[in-house]
Structure formats: structure tokens, C-alpha cells
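Novice: my questions are about this predicted structure, shown below with the sequence.
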Amino acid sequence: MKLTAHSAAESADSVRNVAIADLLDTCFDSVHGGRTYYKQVPHERLLVWSGRDLIGHVGMDYRMVRVGEAILPILGIIDLCVAPPARRQGIGAALLQRAEERAKAQSFALAMADDQRLYHGTGYSLLPAASVTFLAIDELRSHSVIRRDLSDIFMVKQLGGDAWPDGQIDLLGYLF
């Protein structure tokens, strides 16, 4: 297996992009619609290849968020997935670990997950109070600012610095 890193600024590689779109559609019930992204292109991606087959993906979004009065640098974990035949081999955990290592300037990693087993197993925890404000994007159009309780899916891992502060969360952008 080979893990590679790609920034959003790289020139388009059509073979790689087709492989990414296919993996995302397989793992997320085609909600990506054949795109290599859902809401926005991640700033960076890590990919795991087995020969010519893409078997693992994680997108990384670097941004500032507001929690109460605190402004925090975070790593947003986007579209972490592993091809069904390659699951339960540690690929997802390795992708998370490598993404966190690359996010040296970020204080926290944030993820949203319906299936939280991998995240719990790698040090993430649910935020019990996760009132989140974000820019709503639907069908590739911004349409409103939404505040929603995401305490059932919003997960955080401390990467450095102080503990996660109390307060309402403003993502200062889209929901990744």
C-alpha cells in the first residue's frame, strides 16, 4: 500500500480524480454525485493506493473557528473513507494519524461522524454541547446561515494547546 498527499492547488490528474470520485460515491451512497468533493474541495488530501486501486481517502480543511469568544485553529476531517474490501485493516486509523501529524499548527481536529467507532478508538470524543453555526450549501449554492445542535455527530480531538472551551461553535464557513 502507498499513501500519498495531494494539495488542492495541484494540477488536475484525471485518473486520480476519477478514482477519488468513485471511492467517495461507493462509500457515501453516491451523495457526491461523481465529484471529488461534497461541499468544497479540501485544502489537502491523503490517499491510500493498493496498486492502481484507491482504497483510502481523507480530506483536510484548515481553518479558524470561534467557540464562545475563543478563536481556534482547527483541522477539519472531511470524507474519511476506506473501500469496503480494505476495511478493518487499520487504514482509516492510519489516515487519521497522518492527517493529525500534518496539522502541526492546529489545536484541534474536528470530525462529524454517524459511525463513531473509529474516531472513539483514535482519541476523539463527542462534544456534549455542540450548538454549531455554519454556512448552508445545497446543490453547490450557498443559501443561508444555520444554527443546529450537532452533539450527536460532532467530535473533537485535542492536538495541542488548551482544552476545548465552552460556548457556541461558529465554523466561520461551511459544514465540512
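Specialist: Here it is on my side, so go on. Numbers count the residues shown, from 1 in each chain.
Novice: now residue 47: closest residue in space, sequence neighbours ignored.
Specialist: Leaving aside its chain neighbours, residue 47 sits nearest to residue 4 (5.1 Å; criterion: CB to CB, 6 or more residues apart in numbering). The C-beta positions use only the backbone N, C-alpha and C, and glycine is treated the same way.
Novice: next one: residue 130 from residue 16, what distance?
Specialist: Going from residue 130 to residue 16 by CB to CB, to the nearest Å gives 34 Å.
Novice: pLDDT below threshold where in the protein?
Specialist: Low-confidence regions of the chain, defined by pLDDT under 70, span residues 1, 3, 5-12.
Novice: run the chain-centre distance for the biggest strand by length in the chain.
Specialist: Across the chain, the longest stretch assigned as strand under DSSP state E is strand 53-67. Offset of strand 53-67 from its chain centre (CA atoms, centre = their mean, to the nearest Å): 4 Å.
Novice: repeat that for stretch 97-114.
Specialist: Distance, stretch centre to chain centre, for stretch 97-114: 8 Å (CA atoms, centre = their mean).
Novice: ends of stretch 113-125, how far apart?
Specialist: Stretch 113-125 has its terminal residues 11 Å apart, counting by CA to CA, to the nearest Å.
Novice: re earlier: list the buried residues for the longest strand of the chain?
Specialist: Neighbour-count burial for strand 53-67, counted by 16 or more other CB atoms under 10 Å, picks out 54, 55, 56, 57, 58, 59, 60, 61, 63, 65, 66, 67.
Novice: from these, pick the one nearest residue 42.
Specialist: residue 59 (3.0 Å; CB to CB).
Novice: all strands of the chain, in order?
Specialist: Remark: strands assigned in the chain by DSSP E are 2-7, 44-50, 53-67, 70-82, 108-112, 125-126, 131-138, 141-149, 154-158, 169-174.
Novice: so which of the ones you listed is the most packed in?
Specialist: Comparing those by mean neighbour count (mean count of other CB atoms under 10 Å), strand 108-112 comes out on top with a mean of 22.
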